[in-house]
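In: fold the stuff below for me.
(one chain, ligands or ions: 1)
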Amino acid sequence: MFIDTHCHISNKYYNNIEDIINECLSNKVNQMILSCCEKDDIDESLQLIDKYNCLYATFGFHPDQIDKITTNDLKKLEQLLKQNKKIIGVGEIGLDYHYPTDKEKQKKLFEEQLIIAQRLNMPVVIHSRDATQDTIEILKKYKVKGVIHCFSGSLETAQIYIKMGFKLGIGGVVTFKNSNLATVISKIPMENIVLETDSPYLTPSPFRGSTNSPKYIPIIAEKISSIKNLPIAEVAKLTTKNCYELFDLK
Ligand code: NI
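Out: Take a look at the predicted model:
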């Protein structure tokens, strides 16, 4: 069986969530961790994890939410993280310098949530775009473990994160022709890899251009299986084990 460790499931993106879930289950994607990272998605995400056994979630505020989040929202987030057993991590949180932004404000929101994760001893899911240096510097200040979501950096960066105890979330990018990720993956141990789709974004090849779904996880696993020269069943087993250990799932 496979787990999608990072997807965004919402009626905003899918007409029929029930169908999406059933398609996942018939493609051996038996569990999915939904990333609830916008304030407006909280209620829907809570309903979904309550309704479907196979759904878990991470909750946290994405850096693009900096102008919406108040101290009260952070308090509410911490309460949810503490109370709801199906919320198993903090994220996605981090830094995104791709578009012009207030970097200091982003760092503040990021650190506030790292403090919460540290206090609750929960894993974090990190979003880092065009901000590798600052992400590493900030993470070094806290005692947290977690996933570098949608990792697509250099081997050197991969090794830094691994040394810090992070796993790399590998998704559809690995199937893209122009990606260097396959070379990086060939040089890092399987124990540092978890699978993710980031649905509805980053659809793997050959379905690029259509809406992504967690049901495509086996395509990503297949690609890793060929890079690592491992049977796909082994990729499924190892990445599931990594995810279970990190998120303390049973
Ligand atoms: Ni995401």
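In: next structured bit after the longest strand belonging to the chain?
Out: Ordering each strand of the chain by length in residues (DSSP state E) puts strand 87-96 first. On the C-terminal side of strand 87-96, the nearest following helix or strand under DSSP states H and E is helix 103-120.
In: quick check: residues of this protein near the ion?
Out: The chain comes close to the ion at residues 35, 198, as judged by CB under 5 Å from the ion. To be clear about C-beta, it is placed using only N, CA and C from the backbone, and glycine gets the same treatment.
In: now stretch 220-228: buried residues?
Out: Across stretch 220-228, burial judged by 16 or more other CB atoms under 10 Å covers 220-221, 223-225, 227-228.
In: centre of the chain to that stretch, how far?
Out: Offset of stretch 220-228 from its chain centre (CA atoms, centre = their mean, to the nearest Å): 19 Å.
In: all further residue positions should be reported with the first residue as 12.
Out: In the new numbering, first residue 12, that becomes stretch 231-239.
In: for the longest strand of the chain, packing partners?
Out: Contacts defined by 3 or more CB pairs under 8 Å, 6 or more residues apart in numbering; DSSP states H and E place strand 98-107 against strand 40-47, strand 66-70, helix 82-94, helix 114-131, strand 135-140, helix 143-150, strand 157-159.
In: redo the buried residues of stretch 231-239 as TSV? Include pLDDT and secondary structure.
Out: Formatted as TSV, the buried residues of stretch 231-239 follow (pLDDT from 0 to 100; DSSP: H, G, I helix; E, B strand; the rest coil):
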residue	pLDDT	secondary structure
231	98	helix
232	98	helix
234	97	helix
235	98	helix
236	98	helix
238	97	helix
239	97	helix
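In: any idea which of those residues is closest to the ion?
Out: Set against the ion, the nearest of the buried residues of stretch 231-239 by CB to the ion is residue 231 (14.6 Å).
In: am I right that the closest one is in contact with residue 182?
Out: Yes - with contacts counted by CB atoms under 8 Å, residue 231 reaches residue 182, the gap being 6.1 Å.
In: identify the contacts common to the two.
Out: 206-208, 215 (CB atoms under 8 Å, 6 or more residues apart in numbering).
In: of all the helices and strands packed on strand 98-107, which lies closest to residue 248?
Out: Among the helices and strands packed on strand 98-107, the nearest to residue 248 by CB to CB is strand 40-47 (12.8 Å).
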